[in-house]
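Novice: Based on what follows, work out the 3D shape:
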Amino acid sequence: MRTNSKTLMLLAAWTIGGAELTACAQGSADQLQRLVETSARRILIAEQVALAKWDSGAPVEDTSREDHVIVSATKAGQSRGLDPTSVSNFFRAQIEANKLVQYSLLAEWRRAGKAPDHTPVDLASKIRPELDEVDKTLIAELEESTAIRGSASCRIDIAKTVGKYVSAHENTLGPLQAIALDRALATACIGARR
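Specialist: Residues are numbered from 1 along each chain as shown. A predicted model of the protein is given here:
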């Protein structure tokens with residue numbers, strides 16, 4: 001079988017292009033993986049927030065803090081060229097997921113008549129700064145994952161990435177945290193309808 005130079009060039013271009021597409025797809029999966037991991041870290045902090053609120057008797061709802069987080073995140077996102085509405089929606093979902101965990105845990109502890117044994121948790125000086133750092137990381141990851149979050153397959157890609165993460169971390173994530181993680185990433189896609 002004879003191959004001419006045009007055929008060889010086309011075959012080489014196709015092979016290189018395929019490798020680039022595979023690398024691009026892998027890079028996109030890595031970007032989503034990092035976004036999912038950081039969202040999961042934020043959800044795991046929710047137990048500490050719930051313990052702090054158990055100790056202090058503070059309500060789960062803290063609209064002034066929530067507004068502050070969303071405004072700060074939106075400004076940080078805009079400075080990186082991100083759409084303010086999508087950043088606001090994303091962080092609202094992060095907050096709602098965190099509150100879902102808090103409400104559930106507090107109700108569980110009330111039914112039991114006590115919270116788990118723990119050392120007192122200082123929300124203002126320990127937990128909020130940790131959440132602020134996670135939020136900064138989320139902004140960077142939103143910027144890095146803009147292309148895949150705008151793709152037609154975004155919702156499917158996120159659902160699969162969350163499923164993979166939950167399966168790999170079943171010792172630390174229960175059903176409540178898995179549901180919260182789905183909630184946290186519900187608005188991560190840009191312009192996706194399903």
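Novice: Contact partners for the residue most central in space within the chain?
Specialist: Closest residue to the average C-alpha location of the chain: Ser39 at 3.0 Å, with C-alpha atoms, centre = their mean. Listed by C-beta atoms under 8 Å, 6 or more residues apart in numbering, the contact partners of Ser39 are Gln94, Ala97, Leu138, Leu181, Ala184, Leu185. Heads up, the C-betas are built off the backbone N, CA and C, glycines and all.
Novice: Tell me how far it lies from Ala107.
Specialist: 23 Å (C-beta to C-beta, to the nearest Å).
Novice: Kindly report the same for Ala124.
Specialist: Here Ala124 is placed at a distance of 24 Å from Ala107 (C-beta to C-beta).
Novice: just checking, what packs against the strand or helix carrying Arg111?
Specialist: Of the helices and strands defined by DSSP states H and E, Arg111 is found in helix 84-112. Helices and strands touching helix 84-112, by 3 or more C-beta pairs under 8 Å, 6 or more residues apart in numbering; DSSP states H and E, are helix 5-56, helix 63-79, helix 128-144, helix 175-184.
Novice: now the first one: mean pLDDT?
Specialist: Pointing back at helix 5-56 there. When the per-residue pLDDT values of helix 5-56 are averaged, the result is 72.
Novice: And the third one, by the same measure?
Specialist: Model confidence over helix 128-144 averages 97 on the pLDDT scale.
Novice: Kindly report the same for the second one.
Specialist: Taken as a whole, helix 63-79 has an average pLDDT of 97.
Novice: residues in contact with that helix?
Specialist: Residues from elsewhere that reach helix 63-79, judged by C-beta under 8 Å, 6+ apart: 83-84, 86-88, 90-92, 95, 128, 131, 135-136, 138-139, 142-143.
Novice: And the residues you listed, which of them are buried?
Specialist: 83, 86-88, 90-92, 95, 128, 131, 135, 138-139, 142-143 (16 or more other C-beta atoms under 10 Å).
Novice: if we can go back for a sec, greatest separation within the contacts of Ser39: which pair is it?
Specialist: The widest separation within those, taken as C-beta to C-beta, falls between Leu138 and Leu181 and amounts to 13.1 Å.
Novice: need the contact list for Ile95.
Specialist: Glu66, Val69, Ile70.
Novice: 6 Å instead, please
Specialist: Residues near Ile95 by C-beta atoms under 6 Å, 6 or more residues apart in numbering: Glu66.
Novice: and the residue nearest to the centre of the chain, how far is that from Arg183?
Specialist: Ser39 sits 10 Å away from Arg183 when distances are taken as C-beta to C-beta.
Novice: Cool, thanks, signing off.
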